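> Make a model of this:
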Amino acid sequence: MKLYSYIVKEDGGFAPNPFFGYCTLACCKPGIRKHAKKGDWIVGLTPRAKGTGNKIVYFMEVEESLSFDDYYRDPRFRQKRPKAGAGLARKCGDNIYKPLNGDYQQLPSAHSKPRFSSGQDAAMKHKDVYRGERVLVSRKFVYFGCESFGSNSIALPPELERLKVGIGHRCHFSEEVKTAFRKFVNKQRKWGVIAGPHDWHKDDGSWKGSGCGGKT
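Model prediction:
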């Protein structure tokens with residue numbers, strides 16, 4: 001089992017996308033998506049610049065690693081295709097790469113990278129699809145969302161301080177750290193989506209009807 005940690009710079013419900021029963025990582029972090037395998041764990045942390053130190057935004061166990069073609073065509077993830085006029089949970093869908101004539105059409109999505117909405121972003125598509133190659137999928141996850149930045153933040157316990165990371169990601173941890181992480185996960189009582197994303201307006205509750213997912 002490999003354990004990956006990285007900084008979630010923008011918590012907008014897009015990357016990761018924890019809605020409709022699955023936590024998915026389809027965009028950003030190409031180094032993690034390309035190499036993570038079934039049974040690995042991923043931990044996303046808040047930036048220190050948020051003023052709260054590195055706290056936990058989410059963690060997930062990788063249960064599937066899909067190609068972008070399979071991800072787009074799989075009926076389980078149809079609701080993760082962005083849809084204008086729907087609630088924000090649908091608008092910020094991460095299933096944005098539609099297979100088209102041997103390439104991919106980049107669908108507009110209301111998320112933390114607004115330049116997507118104005119057309120194709122070739123550099124981002126290259127990073128997401130051709131560098132990252134895979135989409136990671138999980139039903140065994142906890143997404144703390146905005147609580148990660150507030151008074152009820154999920155702080156890293158002392159035994160997991162080594163998960164802290166700066167630029168990029170970390171994946172080389174001792175067995176001692178991995179064992180401590182397993183114990184931490186096993187103590188978790190609530191699974192799935194705990195709260196909405198930090199970058200959403202506090203009055204937008206569309207995440208509540210998006211399906212909780214969670215431990216199976």
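> Which parts of the chain are strands?
3-7, 23-25, 41-45, 56-61, 64-67, 97-100, 103-106, 134-138, 141-143, 169-170, 192-193 (DSSP state E).
> what angle sits between the fourth one and strand 134-138?
Orientation of strand 56-61 against strand 134-138 (axes from the mean of the first three to the mean of the last three CA atoms, to 10 degrees) gives an angle of 90 degrees.
> which other helices and strands contact strand 56-61?
Applying 3 or more CB pairs under 8 Å, 6 or more residues apart in numbering; DSSP states H and E, we find strand 56-61 packed against strand 23-25, strand 41-45, strand 134-138, strand 141-143. Where C-beta positions appear, they are placed from N, C-alpha and C, glycine not excepted.
> Same check on the last one?
Contact analysis of strand 192-193 by 3+ CB pairs under 8 Å, 6+ apart lists strand 141-143 as its packing neighbours.
> Pairing partners for the strand it packs on, with directions?
Strands that pair with strand 141-143, judged by DSSP bridges, come out as strand 56-61 (antiparallel), strand 192-193 (parallel).
> With mean pLDDT, distance to residue 177 and mean neighbour count added, can I get the ones you listed in JSON lines?
Output for the strands paired with strand 141-143, formatted as JSON lines (pLDDT from 0 to 100; distance: least, CB to CB, whole Å; neighbours: other CB atoms under 10 Å):
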{"stretch": "strand 56-61", "mean pLDDT": "94", "distance to residue 177": "14", "mean neighbour count": "25"}
{"stretch": "strand 192-193", "mean pLDDT": "89", "distance to residue 177": "25", "mean neighbour count": "22"}
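> need those strands in TSV with distance to residue 124, can you?
Formatted as TSV, the strands paired with strand 141-143 follow (distance: least, CB to CB, whole Å):
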stretch	distance to residue 124
strand 56-61	21
strand 192-193	25
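> Quick check: which of the helices and strands packed on strand 56-61 is nearest to residue 76?
strand 134-138 (8.6 Å; CB to CB).
> With only the CA atoms kept, save that closest one in PDB.
Taking C-alpha atoms only, strand 134-138 is exported to PDB below (Å, rounded to 0.1, in the frame of the first residue of the first chain):
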ATOM      1  CA  ARG A 134      -5.900   7.900 -15.200                       C
ATOM      2  CA  VAL A 135      -9.000   8.800 -13.200                       C
ATOM      3  CA  LEU A 136      -9.000   7.600  -9.600                       C
ATOM      4  CA  VAL A 137     -12.300   6.400  -8.100                       C
ATOM      5  CA  SER A 138     -13.400   5.600  -4.500                       C
END
